[in-house]
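In: following is a predicted model, sequence given first.
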2 protein chains.
Amino acid sequence: MIYDPKDEMSYSVAIAGATGAVGAELIKLLETRNFPVSSLKLLASPRSVGKELTFKGEKIKVELLEPSSFEGVDYAFFSAGGGISKEMAPEAVKRGCVVIDNSSAFRYVDDVPLVVPEINPEDAKAHKGIIANPNCTTIVTLMAVAPLHREFGLKRLITSSYQSISGAGASAMAELEQQARDWSAGKELTIETQAHQILFNLYPHIDAFQDNAFTKEEMKMLWEGRKILHHETLRAASTCVRVPVLRCHSISINAEFEKPVTPDQAREVIAAAQGVVVMDDVANNVYPMPLDRQGIDEVAVGRIREDISCEGNGLVLWAVGDQIGKGAALNAVQIAELLVK
Amino acid sequence: MIYDPKDEMSYSVAIAGATGAVGAELIKLLETRNFPVSSLKLLASPRSVGKELTFKGEKIKVELLEPSSFEGVDYAFFSAGGGISKEMAPEAVKRGCVVIDNSSAFRYVDDVPLVVPEINPEDAKAHKGIIANPNCTTIVTLMAVAPLHREFGLKRLITSSYQSISGAGASAMAELEQQARDWSAGKELTIETQAHQILFNLYPHIDAFQDNAFTKEEMKMLWEGRKILHHETLRAASTCVRVPVLRCHSISINAEFEKPVTPDQAREVIAAAQGVVVMDDVANNVYPMPLDRQGIDEVAVGRIREDISCEGNGLVLWAVGDQIGKGAALNAVQIAELLVK
């Protein structure tokens, strides 16, 4: 959408968690997508207060995130962790602000819409002050699978993720980079933000373990998939793995459908959908890779083939999307764009 | 097995491809496992002839790999690529040598046994001169799944792999390390042995694409799984992905069984099996990771849980094994041990 300030409203916007990886991307996207911002407040914890960040060539000082911050604010993007969202989002709503929350704090609350604008935009309109932004891995997976669901009826999802360290925040990205430098210098590696070394390693543990031995991150695919697709009988089992990649998530997907579907039909349906591109030409070694998808809006889908292990109608797919972009900040800004449209 | 030279036969052994990553591991294992070696020939291409490698404290010069190399050799380990195996293994057999081949050249030939000693040792005895060593990812996966198959009857396997760069050989390992050093120094990265940058990247492409859009590496799970398990109706669909890890492969597994199976039963069955250990205590953040499994013989299995997406009897598992070890050299040496037992 192109914003022409002459003929549209503009809005007071705040970013809670402005100094994180997603915060930085939100500032960039509000600028590059020309969101109608009349004023921008950058909010963070005491540690970051006073830092200066740039929006449309103007320096903006980071302010303390507190309830009164939201006086007069129309839209607030929250990306400061679930605890802050739980505490501060209701304070913002009380003050008439609409919150788009990137944490998992409100995703499973019945009257909080959980929205991917290309999939369930109509849900956003029913908000009562808070709209939740889905989990990054859910977004990337559903961007590939939702168009197929509309045509062929999704029954079952099996996913294994290859999640970049950006999902753990800017400090975790810096830690992977520092581990590469320290390893190269023959120094001992520092492990601070994560439980394990991530350079030359990977681990099947993101977010807390649940009683059923899945992690919360793994359960999000089922919980959020059902809510976003309005599909209460969807079945899903995920394995979520952190890998030494900087900022794109990749997902290996086995999907089963009600109706027969060929790989050619799947390519056609995905290619016609918004926000997703087909990169699938194995004869020329074309498939999405995380390094190539950094900073690109569209989720890319490749390696589309028949699930030869499936007795029903199964496909195997490979989806890659920018975790900080479509997996977080871009999706949030798109939600705000829906609201001001 | 402990070899006591006083009361056992000993054998003339050759390694074809002695200077590669697997070759080096074979030399080490023949020594540490005290395989009854009377003489060891190290064979390679002209490029490596004259290099010296150490076995039991003795320097051995690398010789040219040619048909006559196998005169008087009892057991030859081949790890020099499929082309060399196809050409040279029959020459070795002609000269009375038994070949244990690490390439895929003979794996799908009907009268060539394909053996994982813990799973189908009896097949080794029926060899006609060549025994094939399975693909690394197949070995690691089946070490976890075969014990469950024996108890519960495996129907379907869905796997997504996280395969270390060691699977592409010693030069590819060196390339990942060099990319880390060059990245740290701010230099342009060199991409020589692989099609893509591997540092901070990954790609769903190992071995050649087949007509069905799976790679050959992905089809190996089905082809080899059926042969090793003697299970002609096994269904399997794999996605194989190269990741920036140095030498262990990880596999995310969804397995469906004929009979009901609980995670506790699965842990019990796997723990009782040879060559595989259970590392599954999520309350204490215990699960296998590739960095921790380097150089360890046993395949480790964790994250064992009910496949909540499965209408039948499904489990989700996470298996990690050393690609150079159990995925290649160790399995090959174990096959030879079966033969001399």
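Out: Good, I have the coordinates. Numbers count the residues shown, from 1 in each chain, chains lettered A, B, ... in the order given.

In: domains in chain A, by residue range?
Out: Domain assignment of chain A by automatic domain parsing yields the ranges A:11-134+A:328-340, A:138-323.

In: now for residue A:184, how many residues are close by?
Out: By other CB atoms under 10 Å in any protein chain shown, the residues close to residue A:184 number 18. Just so you know, the C-beta spots here come from the backbone N, C-alpha and C atoms, and that holds for glycine as well.

In: swap in residue A:169?
Out: Neighbours of residue A:169 (other CB under 10 Å): 18.

In: wait, what's in contact with it?
Out: A:20-21, A:193 (CB atoms under 8 Å, 6 or more residues apart in numbering or on different chains).

In: would you tell me which of the domains of chain A gets closest to residue B:295?
Out: Residue B:295 sits nearest to domain A:138-323 of all these, at 14.2 Å, using CB to CB.

In: pLDDT on that closest one, on average?
Out: Averaging pLDDT along domain A:138-323 gives 98.

In: need the distance between the two termini of that domain.
Out: Domain A:138-323 stretches 11 Å from its first residue to its last (CA to CA, to the nearest Å).

In: what about the residue nearest to residue A:219 when sequence neighbours are not counted, neighbour count?
Out: Once flanking residues are discounted, residue A:219 sits nearest to residue A:210: 5.9 Å by CB to CB, 6 or more residues apart in numbering or on different chains. If you count neighbours by other CB under 10 Å, residue A:210 ends up with 14.

In: distance to residue B:50 added to the domains of chain A, as JSON lines?
Out: Converted to JSON lines, the domains of chain A look like this (distance: least, CB to CB, whole Å):
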{"stretch": "domain A:11-134+A:328-340", "distance to residue B:50": "52"}
{"stretch": "domain A:138-323", "distance to residue B:50": "31"}
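
In: the ones you listed: which one's closest to residue B:243?
Out: Per CB to CB, nearest to residue B:243 of the domains of chain A: domain A:138-323, 5.9 Å.

In: which stretches in the stretch 151-300 of chain A count as strands?
Out: Taking DSSP state E, counting those that start in this stretch to define them, one finds strands in the stretch 151-300 of chain A at A:154-162, A:235-239, A:248-257, A:276-278, A:299-306.

In: format the ones you listed as a markdown table; extra columns: distance to residue B:84 and mean neighbour count.
Out: A markdown table is the format used below for the strands of the stretch 151-300 of chain A (distance: least, CB to CB, whole Å; neighbours: other CB atoms under 10 Å in any protein chain shown):
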| stretch | distance to residue B:84 | mean neighbour count |
| --- | --- | --- |
| strand A:154-162 | 33 | 25 |
| strand A:235-239 | 37 | 24 |
| strand A:248-257 | 32 | 27 |
| strand A:276-278 | 39 | 21 |
| strand A:299-306 | 30 | 26 |
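
In: can I get these in JSON lines with distance to chain B?
Out: Formatted as JSON lines, the strands of the stretch 151-300 of chain A follow (distance: least, CB to the nearest CB, whole Å):
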{"stretch": "strand A:154-162", "distance to chain B": "4"}
{"stretch": "strand A:235-239", "distance to chain B": "4"}
{"stretch": "strand A:248-257", "distance to chain B": "4"}
{"stretch": "strand A:276-278", "distance to chain B": "13"}
{"stretch": "strand A:299-306", "distance to chain B": "4"}
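
In: mind putting these into JSON lines with distance to residue B:160?
Out: Putting those into JSON lines (distance: least, CB to CB, whole Å) gives the following:
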{"stretch": "strand A:154-162", "distance to residue B:160": "4"}
{"stretch": "strand A:235-239", "distance to residue B:160": "8"}
{"stretch": "strand A:248-257", "distance to residue B:160": "4"}
{"stretch": "strand A:276-278", "distance to residue B:160": "20"}
{"stretch": "strand A:299-306", "distance to residue B:160": "11"}
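
In: ok, which of the ones you listed comes nearest residue A:284?
Out: Closest among the strands of the stretch 151-300 of chain A, using CB to CB: strand A:299-306, at 11.4 Å.

In: for that closest one, packing partners?
Out: If contacts are counted by 3 or more CB pairs under 8 Å, 6 or more residues apart in numbering or on different chains; DSSP states H and E, strand A:299-306 sits against helix A:136-152, helix A:263-272, strand A:276-278, strand A:313-322.

In: and it, which strands flank it?
Out: strand A:276-278 (parallel), strand A:313-322 (antiparallel) (DSSP bridges).

In: got the contact list for residue A:53?
Out: A:18-19, A:24, A:27, A:42, A:59-60, A:62.

In: dihedrals phi and psi, it?
Out: The phi and psi values for residue A:53, taken as degrees, to the nearest 10, are phi -120, psi 160.

In: now residue A:37
Out: phi -90, psi 120.

In: in PyMOL, how would I select the buried members of the contacts of residue A:53?
Out: Burial among these is assessed by 16 or more other CB atoms under 10 Å in any protein chain shown; the matching PyMOL selection reads:
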select buried, chain A and resi 18+19+24+27+42+60+62
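
In: could the contacts of residue A:53 go into TSV alongside secondary structure and pLDDT?
Out: Output for the contacts of residue A:53, formatted as TSV (DSSP: H, G, I helix; E, B strand; the rest coil; pLDDT from 0 to 100):
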residue	secondary structure	pLDDT
A:18	coil	97
A:19	coil	95
A:24	helix	96
A:27	helix	98
A:42	strand	98
A:59	strand	97
A:60	strand	98
A:62	strand	98
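
In: show me which of the contacts of residue A:53 is closest to chain B.
Out: Taking CB to the nearest CB as the measure, chain B lies nearest residue A:24 of these, at 18.9 Å.

In: hmm, the closest one is touching residue A:173, no?
Out: No - judged on CB atoms under 8 Å, residue A:24 makes no contact with residue A:173 at a distance of 11.1 Å.

In: can you give me the strands in the stretch 1-150 of chain A?
Out: Using DSSP E, counting those that start in this stretch, strands in the stretch 1-150 of chain A cover A:11-16, A:37-44, A:52-55, A:58-64, A:75-78, A:98-101, A:130-132.

In: need the nearest residue in space to residue A:137, chain neighbours excluded.
Out: residue A:161 (5.1 Å).

In: er, residue A:74 I mean
Out: Closest to residue A:74 by CB to CB, 6+ apart is residue A:11, at 4.0 Å.

In: and the one you found, what pLDDT?
Out: Value listed for residue A:11 in the pLDDT field: 97.

In: so who does it touch?
Out: Neighbours of residue A:11 in contact, by CB under 8 Å, 6+ apart: A:35-38, A:74-75, A:340.

In: please redo it, this time with the cut-off set to 10 Å
Out: Contact analysis of residue A:11 by CB atoms under 10 Å, 6 or more residues apart in numbering or on different chains lists A:35-40, A:73-75, A:98, A:336, A:339-340.

In: cool, residue A:274 as well?
Out: So residue A:274 contacts A:117-119, A:143, A:147, A:298 (CB under 10 Å, 6+ apart).

In: go again using 6 Å as the cut-off
Out: Going by CB atoms under 6 Å, 6 or more residues apart in numbering or on different chains, residue A:274 touches residue A:118.

In: roughly how far apart are it and residue A:297?
Out: 10 Å (CB to CB, to the nearest Å).

In: do residue A:12 as well
Out: 26 Å.

In: and the stretch 51-200 of chain A, which residues reach chain B?
Out: Residues of the stretch 51-200 of chain A found near chain B (CB under 6 Å from any CB of the partner chain) are A:156, A:158, A:160, A:162, A:180-181, A:184, A:197, A:200.
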